[in-house]
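Novice: Could you work out the structure for the sequence below:
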Amino acid sequence: MTEFQEISREWLVGDGDGGDVRPPADLRPEIPHPARMYDYYIGGKDNFPADREAAEKVLAISPMVRLSALANRAFLGRAVRHLAAEGIRRFVDIGTGIPSAGNTHEIAQRVRPDARVVYLDNDPIVLVHGRALLSGTTPESTAVVQADLRDPAGILAAPEVRAALDSGEPVGLLLVAVLHFIDEADDPYGIVRTLVDALPPGSRLVLSHGTLDFTPAADAPRGPAVYRGATAQLSMRDRAQVLRFFDGLKLTDPGLVTAPLWRPDTPEQPTDSQVGIWAGVAEKP
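Specialist: You can find the predicted model right below:
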């Protein structure tokens, strides 16, 4: 039994001593959750039957979704290694999702042992996982903060984030596979602009975003429809829309490409140009 499953069991059935252990209001294991669905796509075990059922519906529509999720995770690793090799020591990872192999702090600290990472997420499951994951680390090197991407002012006010920004050092801002859960009503471009404006010069934006650019028109509405029954809905964007998030920044070669094609470290595959994740890294002047 994984730590996630053990914690969830205690939330759902009690502590074994007759106590009434209730799950957090947002746990809702009977409703598919995007973070747990993503965990299922990449082969994790930290998910519930409702998540697996919904994920299988999506995979039946588009088997490429699993490949896209794995490609996105691999992009994260390559981008973080690149930033650390470029001298970035401070990372702010927003919408981190359920921890899995190759987390940001693990990757960065292999390259730069003095790297510091702040994880932010609004999900109680992610927070429990993150704090368990970091139980053996020091507060100076890693932190997990509850925050919502739709509240960039709140993120920037968090003491852990302020410490990174006030250092004056360049910061790696990671928005990996999270902005497609922000719809137009919440002003995703304004959110990114607010966060980027607060970064010191020389900082980097690492961003990936789901797209339907390679999905047949007849199937395009079907995947997002599954997520309408989940705790968060999808707002997929095309390449031009994703490129707007980098306005005012200098894109790092090779620019905005599908996730497997961003500085690949394995031989190119025929499907790489069709993976439904746009990915890029850019520098703030």
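Novice: Quick check: phi and psi at Asp166.
Specialist: phi -80, psi -10 (degrees, to the nearest 10).
Novice: and it, how many neighbours does it have?
Specialist: The number of residues packed near Asp166 is 10, by other CB atoms under 10 Å. Bear in mind the C-beta positions are built from the backbone N, C-alpha and C, glycine included.
Novice: and it, how far is that from Pro200?
Specialist: Distance, Asp166 to Pro200, by CB to CB, to the nearest Å: 9 Å.
Novice: swap in Arg110?
Specialist: Separation of Arg110 from Pro200 (CB to CB) stands at 24 Å.
Novice: Arg28 now?
Specialist: Distance of Arg28 to Pro200, computed by CB to CB: 39 Å.
Novice: How about Ala50?
Specialist: 42 Å.
Novice: More neighbours: the two, which one.
Specialist: A count of neighbours by other CB under 10 Å puts Ala50 above the other of Ala50 and Pro200, at 18 against 15.
Novice: and that one, what helix or strand is that in?
Specialist: Element membership of Ala50, judged by DSSP states H and E, is helix 49-61.
Novice: Buried residues in that helix, which are they?
Specialist: Neighbour-count burial for helix 49-61, with 16 or more other CB atoms under 10 Å as criterion, is recorded at 50-51, 54-55, 57-59, 61.
Novice: Does anything pack onto it? Which helices or strands?
Specialist: helix 34-41, helix 64-85, helix 222-227 (3 or more CB pairs under 8 Å, 6 or more residues apart in numbering; DSSP states H and E).
Novice: got the angle for that helix vs helix 34-41?
Specialist: Comparing the axes of helix 49-61 and helix 34-41 via axes from the mean of the first three to the mean of the last three CA atoms, to 10 degrees yields an angle of 60 degrees.
Novice: and helix 49-61, how far from the chain's centre?
Specialist: A distance of 19 Å separates the centroid of the chain from that of helix 49-61, by CA atoms, centre = their mean, to the nearest Å.
Novice: Now do that helix against helix 64-85: the angle between them, please.
Specialist: Using the same axes, to 10 degrees, helix 49-61 lies at 100 degrees relative to helix 64-85.
Novice: Which stretches in the stretch 51-200 of the chain count as helices?
Specialist: Counting by DSSP state H, counting those that start in this stretch, the segments of the stretch 51-200 of the chain that form helices are 64-85, 104-111, 124-133, 152-157, 159-166, 188-197.
Novice: Nearest to Ile94, out of those helices?
Specialist: helix 152-157 (6.7 Å; CB to CB).
Novice: Output the contacting helices and strands for that closest one.
Specialist: With contacts defined as 3+ CB pairs under 8 Å, 6+ apart, helix 152-157 has these neighbours: helix 159-166, helix 188-197.
Novice: From Thr194, how far off is Ala157?
Specialist: 12 Å.
Novice: of those two, who's got more company?
Specialist: Thr194 (15 against 11).
Novice: Check what pLDDT the more buried one gets.
Specialist: Looking at Thr194, its pLDDT reads 98.
Novice: which residues touch it?
Specialist: 152-153, 156 (CB atoms under 8 Å, 6 or more residues apart in numbering).
Novice: can you check Asp247 too?
Specialist: Applying CB under 8 Å, 6+ apart, we find Asp247 in contact with 189, 193.
Novice: any idea how this structure splits into domains?
Specialist: 3-61, 64-283 (automatic domain parsing).
Novice: just those domains: most buried one?
Specialist: With neighbours defined as mean count of other CB atoms under 10 Å, the domains of the chain peak in mean count at domain 64-283, which reaches a mean of 18.
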